[in-house]
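Enquirer: Requesting a structural model of the entry that follows:
(2 chains)
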Amino acid sequence: MDPVNLFAVASQHSRWLSVRQSTIAQNIANANTPGYKAADVTPFESTLAATQLTMTQTRPAHMAPTGRGPSDPETREDESWETMHSGNNVSLEQQLMKAGEVGGAYALNTGLVKAFHRMLMASSKG
Amino acid sequence: MFDPLRVALKVAGSGIEAQSRRLLVVSENLANAQSTGNAAGADPYARKTVSFVSELDESQGARTVKIDQVGLDRRPFRLEYDPSHPAADANGYVKFPNVDMVVELADMREANRSYEANLQVVKQARSLINMTLDLLRGS
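Expert: Below you'll find the model as predicted:
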């Protein structure tokens, strides 16, 4: 039977969302820093695609696992709505909209985990 | 491994601190908008400026913000003719601070806006943490 990996994907997604939230926090904190460029994390799809299944080493004679585990989200520079004279391109409106997106996605994520957990409990309790 | 949401709280905290320091400098400038020097011909209060710099927190991989330096505005002082003033020079001119009310108020509004945005981030990070904790509650 295939292992059920929804929890793994969900925790990876929530980690990605947390990293995105901390990147947004960083942009907003630096909203008035001269020369600061806004950053954003790479999309979740690419983070997920970069993740490979790892082999498990159950005996010492086995090959060492080669695949990479869950990869950490990376940040990159973001295209922004506006650039200030000081070279700063953080737009507070844009960042707060992104924060709203993160909040909604996080609620969806935890809701799904809850529902899945209920399903598991229902099937194990009988 | 660090928790990104806690990092977000910390970064937003640094933003709040920086903006409140900026507000402090603005209030200093406004309060001293009419402070002249003591002796005849002495320089009055000079407007203070504040600049931010982002600082990489190595342990957490996040860029917090801090006050770079509080400098003095080098614009010339405003001169007014008032021979009876104690700080008047030989020609009867008094030097008044180079504080422009409109600039200070605009600066204050911007600090206010940035402060609110940081506060919003703190609120949201807290609500995300709460959503995660809610998973533990019996459903």
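Enquirer: Show me the residue at the heart of the chain, geometrically.
Expert: You didn't say which chain, so I picked chain A. Nearest to the geometric centre of chain A sits A:W16, at 1.0 Å (CA atoms, centre = their mean).
Enquirer: that's the wrong chain, I wanted chain B
Expert: With distances taken as CA atoms, centre = their mean, B:R22 lies nearest the centre of chain B, 0.5 Å away.
Enquirer: Could you measure from it over to B:K123?
Expert: 21 Å (CB to CB, to the nearest Å). For every residue, glycine as well, the C-beta is placed using N, CA and C.
Enquirer: Residue ranges in chain A under the pLDDT threshold?
Expert: Applying pLDDT under 70 to chain A picks out residues A:1-4, A:51-56, A:63-72.
Enquirer: Which residue does it have closest to chain B?
Expert: Minimum separation of chain A from chain B (CB to the nearest CB) falls at A:A29, amounting to 3.1 Å.
Enquirer: need the contact list for that residue.
Expert: B:V11, B:A12, B:S14, B:G15, B:A18, B:S54, B:R63, B:T64, B:V65, B:N118, B:V121 (CB atoms under 8 Å, 6 or more residues apart in numbering or on different chains).
Enquirer: Chain A next: which of the residues you listed are close?
Expert: On the criterion CB under 8 Å from any CB of the partner chain, B:V11, B:A12, B:S14, B:G15, B:A18, B:S54, B:R63, B:T64, B:V65, B:N118, B:V121 are the entries of the contacts of A:A29 that sit beside chain A.
Enquirer: As PDB, could you dump the C-alpha coordinates of whichever strand or helix holds A:R15?
Expert: According to DSSP states H and E, A:R15 maps onto helix A:6-29. Provided in PDB are the C-alpha atoms of helix A:6-29 (Å, rounded to 0.1, in the frame of the first residue of the first chain):
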ATOM      1  CA  LEU A   6      -0.600  14.200   3.000                       C
ATOM      2  CA  PHE A   7       0.800  15.100   6.400                       C
ATOM      3  CA  ALA A   8       4.300  15.400   5.000                       C
ATOM      4  CA  VAL A   9       3.100  17.700   2.100                       C
ATOM      5  CA  ALA A  10       1.000  19.700   4.500                       C
ATOM      6  CA  SER A  11       3.800  20.300   7.000                       C
ATOM      7  CA  GLN A  12       6.100  21.300   4.100                       C
ATOM      8  CA  HIS A  13       3.500  23.700   2.800                       C
ATOM      9  CA  SER A  14       3.000  25.200   6.200                       C
ATOM     10  CA  ARG A  15       6.800  25.600   6.600                       C
ATOM     11  CA  TRP A  16       6.900  27.300   3.200                       C
ATOM     12  CA  LEU A  17       4.100  29.700   4.300                       C
ATOM     13  CA  SER A  18       5.900  30.500   7.500                       C
ATOM     14  CA  VAL A  19       9.100  31.300   5.600                       C
ATOM     15  CA  ARG A  20       7.000  33.500   3.300                       C
ATOM     16  CA  GLN A  21       5.500  35.300   6.300                       C
ATOM     17  CA  SER A  22       8.900  36.000   7.800                       C
ATOM     18  CA  THR A  23      10.100  37.300   4.400                       C
ATOM     19  CA  ILE A  24       7.100  39.600   4.300                       C
ATOM     20  CA  ALA A  25       7.900  40.700   7.900                       C
ATOM     21  CA  GLN A  26      11.500  41.400   6.800                       C
ATOM     22  CA  ASN A  27      10.200  43.600   3.800                       C
ATOM     23  CA  ILE A  28       7.800  45.500   6.000                       C
ATOM     24  CA  ALA A  29      10.400  46.100   8.700                       C
END
